[in-house]
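*Asks:* pasted the sequence and its predicted model underneath.
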There are 2 protein chains.
Amino acid sequence: MTHDAPDRASEAMRWFTGLQARLCTRFEELEGGAARFESTHWSKPADHRLKGGGHMRMLRGAVFEKAGVNVSHVWGRASDTGMAQLSGAESAGGDFVACGISLVLHPANPFAPTGHMNLRYLRTSGEWVAGCADLTPAIPFDEDTAQFHAALRAACDRYRPGAYDEYREWSDRYFFLPHRNEPRGVGGVFFDELASGDWARDFAFQRDVGEAFLEAYPAIVARRARMPFGDAERKRQLVKRGRYVEFNLVFDRGTRFGFATDANPDAYLMSLPPLAAW
Amino acid sequence: MTHDAPDRASEAMRWFTGLQARLCTRFEELEGGAARFESTHWSKPADHRLKGGGHMRMLRGAVFEKAGVNVSHVWGRASDTGMAQLSGAESAGGDFVACGISLVLHPANPFAPTGHMNLRYLRTSGEWVAGCADLTPAIPFDEDTAQFHAALRAACDRYRPGAYDEYREWSDRYFFLPHRNEPRGVGGVFFDELASGDWARDFAFQRDVGEAFLEAYPAIVARRARMPFGDAERKRQLVKRGRYVEFNLVFDRGTRFGFATDANPDAYLMSLPPLAAW
């Protein structure tokens, strides 16, 4: 591939990798050092149409029943299926560069919410930053919802007026189960194909969202992880996780993109909960 | 709707309803009378585009952690989405009649296989019988696989030479997880749009498949339901059930048809296991 643009993918990837390390350190602190993330590095085979790979980090502990924090960086010529789902790929002859960080945290305690964030960079005929972060409690606490949204709002307010309302509404539309007529959780933010013309500014916003998640989510889990609970709360959590599975397998764009291409199922299905009930 | 054909849907439905009762009785026997099926009757609202309804029967017991045996009978004018997925619906102006029986059994014992069968009747511009039956053990036994297939083979052999090989291969193609490159289970039979020109004969074959399932599957479960098992077997079962969820939510045509239309999620998601792990 030849691009005149500076290698912003590498710059973004360095930041995603650093955030992955900081998030994992923070989650291991919440485990009190009793559980550690395991690492899996993967690469596209040498003869593959696409190049690149990723680093998956997975922890199963007492606070987080399952925590996955993945980064990946893949480039090359998209398949027809892939191209149809990548903005601007057709006019770039299918060439793309994509990298990002994706995390899903399933706490063991039913009072602690499931957390999710995805931040990504895409270059085809143009270049974009995109991302989302949302919270899915089985048993919601107003205090947690307010803290999570306040952190995201602050990040959005630094980007531009109105951004928070717009991205929060987008998240409400996106994280919704139409067949159940119910929201997946208590929302967050969702933004796609940001290209204000000032990449440094867009990338700074994306980093701010990452910092907001790192600030708010572990603090919420710390507050809930040791609350006593019984079978009824565990049952509510497992059923809520079943809804999470329904959303991710049927509606989530990232997962559907994984199914439609020959992506690594261990990576794009990392989001599935350790245990779910129907 | 006006149709000159005799009301074969009602005839099929009477048989499906009888089979539902016989299956539920047999499954309750396996529970030793300690657990009973609960019934839920549902109908399309009076002002709905479609008419009809169904009868869902669900049991949660010691032998069957979750057993669902549903019948339904729906007719009317299909939506555009529905029409695209119903053969011959377009030339019938969207009019259709569909009825069927659908069952999924998730035994508690990891040595007892998950069982599934669906038999259905469809009338649009033509009329067809269709169905499938398959077995998904977490821990396969050759004896069980052989017994299940022998019963289905006998039903197919009575229909026409070559039917078993054809429908078994169709099942192998259909019950497959491409993203995992693995079969869902040990197969069975799959047949669609049977219309040999002799409806009585096609319907007799469909009934034979139903009888084969009733004969073989409860016998297999009876043999496995009390085998001692440990955590390792339970874990294998829960992970295998996770694969079952992936297949049903992502690939199964019936479930996808449910998501694409405004069907009752409690009915088309009845197949999901009581508990699954990733």
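*Replies:* Great, that's in hand. Numbers count the residues shown, from 1 in each chain, chains lettered A, B, ... in the order given.

*Asks:* flag every buried residue along the helix or strand of chain A with the lowest mean pLDDT.
*Replies:* Among the helical and strand segments of chain A, the one scoring lowest on mean pLDDT, DSSP states H and E is helix A:80-84, with a mean of 76. Buried residues in helix A:80-84, counted by 16 or more other CB atoms under 10 Å in any protein chain shown: A:82-83. Glycine gets a C-beta too; all of them are placed from N, C-alpha and C.

*Asks:* what is the mean pLDDT for stretch A:58-71?
*Replies:* The predicted model assigns stretch A:58-71 a mean pLDDT of 98.

*Asks:* my error: substitute stretch A:254-272 in the last question.
*Replies:* Taken as a whole, stretch A:254-272 carries a mean pLDDT of 86.

*Asks:* ok, residues contacting it?
*Replies:* Residues from elsewhere that reach stretch A:254-272 (CB atoms under 8 Å, 6 or more residues apart in numbering or on different chains): A:40, A:42, A:54, A:56, A:58, A:68, A:70, A:72, A:79, A:81-82, A:85, A:102, A:104, A:116, A:118, A:244-245, A:248-249, A:252, B:179-180, B:242, B:246, B:250, B:278.

*Asks:* for stretch A:219-229, same thing?
*Replies:* With CB under 8 Å, 6+ apart, stretch A:219-229 has contacts from A:30, A:63-64, A:105, A:107-113, A:115, A:135, A:141, A:143-144, A:147-148.

*Asks:* now that stretch - C-alpha only, PDB.
*Replies:* Extracted in PDB, the C-alpha atoms of stretch A:219-229 (Å, rounded to 0.1, in the frame of the first residue of the first chain):
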ATOM      1  CA  ALA A 219     -14.300   2.900  40.100                       C
ATOM      2  CA  ILE A 220     -17.900   1.600  39.600                       C
ATOM      3  CA  VAL A 221     -16.800  -2.000  39.800                       C
ATOM      4  CA  ALA A 222     -14.700  -1.300  42.900                       C
ATOM      5  CA  ARG A 223     -17.900   0.000  44.600                       C
ATOM      6  CA  ARG A 224     -20.000  -3.100  43.700                       C
ATOM      7  CA  ALA A 225     -17.600  -6.000  43.600                       C
ATOM      8  CA  ARG A 226     -17.900  -7.000  47.200                       C
ATOM      9  CA  MET A 227     -21.700  -6.500  47.800                       C
ATOM     10  CA  PRO A 228     -23.400  -9.500  49.200                       C
ATOM     11  CA  PHE A 229     -25.900 -11.200  46.800                       C
END
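
*Asks:* list the buried residues in it.
*Replies:* Across stretch A:219-229, burial judged by 16+ other CB under 10 Å covers A:220-221, A:224-225, A:229.

*Asks:* which among the contacts of stretch A:254-272 count as buried?
*Replies:* For the contacts of stretch A:254-272, a burial check counting by 16+ other CB under 10 Å picks out A:54, A:56, A:58, A:68, A:70, A:72, A:82, A:102, A:104, A:116, A:118, A:244-245, A:248-249, A:252, B:179, B:242, B:246, B:250, B:278.

*Asks:* could you measure from A:L238 over to A:S271?
*Replies:* Distance of A:L238 to A:S271, given as CB to CB, to the nearest Å: 16 Å.

*Asks:* looking at the two, which is more packed in?
*Replies:* Taking other CB atoms under 10 Å in any protein chain shown, A:L238 and A:S271 do not tie; A:S271 has more neighbours (26 against 20).

*Asks:* just say helix, strand or coil for that one.
*Replies:* coil (DSSP: H, G, I helix; E, B strand; the rest coil).

*Asks:* if I look at it, how far off is B:P273?
*Replies:* 18 Å.

*Asks:* same question for A:F96.
*Replies:* Remark: distance between A:F96 and B:P273 (CB to CB) = 37 Å.

*Asks:* try A:R224
*Replies:* From A:R224 over to B:P273 the distance is 28 Å, taken as CB to CB.

*Asks:* next one: A:E90
*Replies:* From A:E90 to B:P273 the distance is 41 Å (CB to CB).

*Asks:* which one of the two has more residues nearby?
*Replies:* Ranked by neighbour count (other CB under 10 Å), A:E90 and B:P273 place B:P273 first, with 23 against 14.

*Asks:* list the contacts of whatever residue of the stretch 51-200 of chain A ends up closest to chain B.
*Replies:* Here the stretch 51-200 of chain A gets closest to chain B at one residue, A:H179, 4.8 Å apart by CB to the nearest CB. Shown in contact with A:H179 (CB under 8 Å, 6+ apart): A:246, A:250, B:258-259, B:265.

*Asks:* now, which of these lie within strands?
*Replies:* Counted as lying in strands by DSSP state E, out of those, is not a single one.
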